[in-house]
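Colleague: Just need the structure, nothing else, for what follows:
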Amino acid sequence: MIVIPAIDLRGGKCVRLTQGDFDRETVYGDDPAAMAARWQEEGADWLHVVDLDGAKAGRPVQLGIVARIRERVQMPIELGGGIRTIEDVRAAYAAGVERLILGTAAIDRPELLERATGEFPGRIYVALDARDGKVATRGWTAVSRLDVREAARACERRGAAGFLFTDIARDGTGEGVNVESTAALAREVSVPVIASGGVSSVEDVRRLRAVEKDGVAAVIVGRALYTGAVRLAEAIAAGKD
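Modeller: Prediction:
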């Protein structure tokens with residue numbers, strides 16, 4: 001299982017939000033490229049970057065910083081946040097990302113998902129962010145009536161190469177990852193699922209490793225790395241055990 005450190009960008013800084021609430025922000029650094037280099041030095045194979053400003057604005061805002069991160073590290077980068085048009089998709093890949101994660105746009109504009117997966121096959125994932133089993137969109141500020149598993153099946157039919165699943169109730173809280181819901185989603189689809197939200201200890205990585213057979217291929221770790229609750233090298237080792 002791959003352990004992926006997260007860098008969430010807001011106002012040019014590395015931050016973390018609690019349960020996606022923009023009013024509950026903690027700043028962890030003002031040099032995202034240096035932070036990315038740190039995670040690479042500690043053994044990361046992938047980097048997860050979120051453009052929080054973009055998610056709220058509905059357009060990419062931090063691609064300049066993403067490009068600087070790309071210049072600093074060699075590991076592949078996956079990016080999410082604010083991608084709403086095919087031009088946004090192309091601009092993100094031009095900034096040097098390896099994989100793009102569509103959120104709101106994949107749900108609201110399925111034709112965009114089909115076009116993006118057609119142009120970039122195997123490189124488009126969909127973020128399915130859940131609040132009480134329903135899909136949340138627009139930077140988690142809106143909750144639809146769409147069931148997460150129903151949405152996953154529809155996106156897979158349109159070419160999604162994988163999914164990033166977040167239980168918003170756990171994100172940034174340190175309460176532990178929702179292993180059961182993540183595994184249940186993974187069993188519904190035939191493409192990989194990345195777990196996100198709530199990782200508080202290395203034990204969470206081990207618990208996810210136990211359901212890897214269900215299709216849970218990776219886990220994103222954010223706040224726990226920044227607070228020191230999880231050491232990246234230990235998490236990576238737990239993912240391989």
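Colleague: By mean pLDDT, point me to the weakest helix or strand of the protein.
Modeller: Lowest by mean pLDDT, DSSP states H and E among the helices and strands of the chain is strand 142-147, with a mean of 66.
Colleague: next structured bit after that one?
Modeller: helix 148-157 (DSSP states H and E).
Colleague: quick one: strands adjacent to the helix or strand that that next one is followed by?
Modeller: The helix or strand immediately downstream of helix 148-157 is strand 162-167, counting by DSSP H and E. Paired with strand 162-167 in the same sheet, following DSSP bridges, are strand 124-131 (parallel), strand 193-196 (parallel).
Colleague: gap between the shortest one and the chain center?
Modeller: Centroid displacement of strand 193-196 relative to its chain, using CA atoms, centre = their mean, to the nearest Å, is 7 Å.
Colleague: who's in contact with the next helix or strand after that strand?
Modeller: Moving toward the C-terminus from strand 193-196, the next helix or strand (DSSP H and E) is helix 202-209. Helix 202-209 has contacts (CB atoms under 8 Å, 6 or more residues apart in numbering) with 1, 3, 176-177, 179, 182, 195, 198-199, 216, 219, 221, 230-231, 234-235, 238-239, 241. Quick note: C-beta positions are derived from backbone N, CA and C, even for glycine.
Colleague: Mind listing residues that contact stretch 82-90?
Modeller: Contacts for stretch 82-90 (CB under 8 Å, 6+ apart): 51, 53-61, 92, 100-105, 109, 112, 115-116, 119-120, 124.
Colleague: ok now it, how far from the chain's centre?
Modeller: 17 Å.
Colleague: for the record, mean pLDDT for it?
Modeller: Averaging pLDDT along stretch 82-90 gives 95.
Colleague: What residues sit buried inside that stretch?
Modeller: Across stretch 82-90, burial judged by 16 or more other CB atoms under 10 Å covers Gly82, Ile83, Arg84, Thr85, Ile86, Asp88, Val89.
Colleague: what's the span of it from first residue to last?
Modeller: 13 Å (CA to CA, to the nearest Å).
Colleague: Now the two most distant members of the buried residues of stretch 82-90.
Modeller: Gly82 and Ile86 (13.8 Å; CB to CB).
Colleague: buried ones in the helix or strand harbouring Ile7?
Modeller: Assigned by DSSP H and E, Ile7 falls within strand 2-10. Neighbour-count burial for strand 2-10, with 16+ other CB under 10 Å as criterion, is recorded at Val3, Ile4, Pro5, Ala6, Ile7, Asp8, Leu9, Arg10.
Colleague: residue contacts, the third one?
Modeller: Okay, so that is Pro5. Trp39, Ala44, Leu47, His48, Ile220, Val221, Gly222, Leu225, Leu232.
Colleague: pretty sure Asp45 is in a strand, no?
Modeller: No. Counting by DSSP: H, G, I helix; E, B strand; the rest coil, Asp45 falls outside a strand, being coil.
Colleague: can you give me the strands for the chain?
Modeller: 2-10, 13-18, 21-29, 47-51, 77-80, 99-102, 124-131, 134-137, 142-147, 162-167, 193-196, 216-221 (DSSP state E).
Colleague: now the angle from the fourth one to strand 162-167?
Modeller: Angle between the axes of strand 47-51 and strand 162-167 is 70 degrees (criterion: axes from the mean of the first three to the mean of the last three CA atoms, to 10 degrees).
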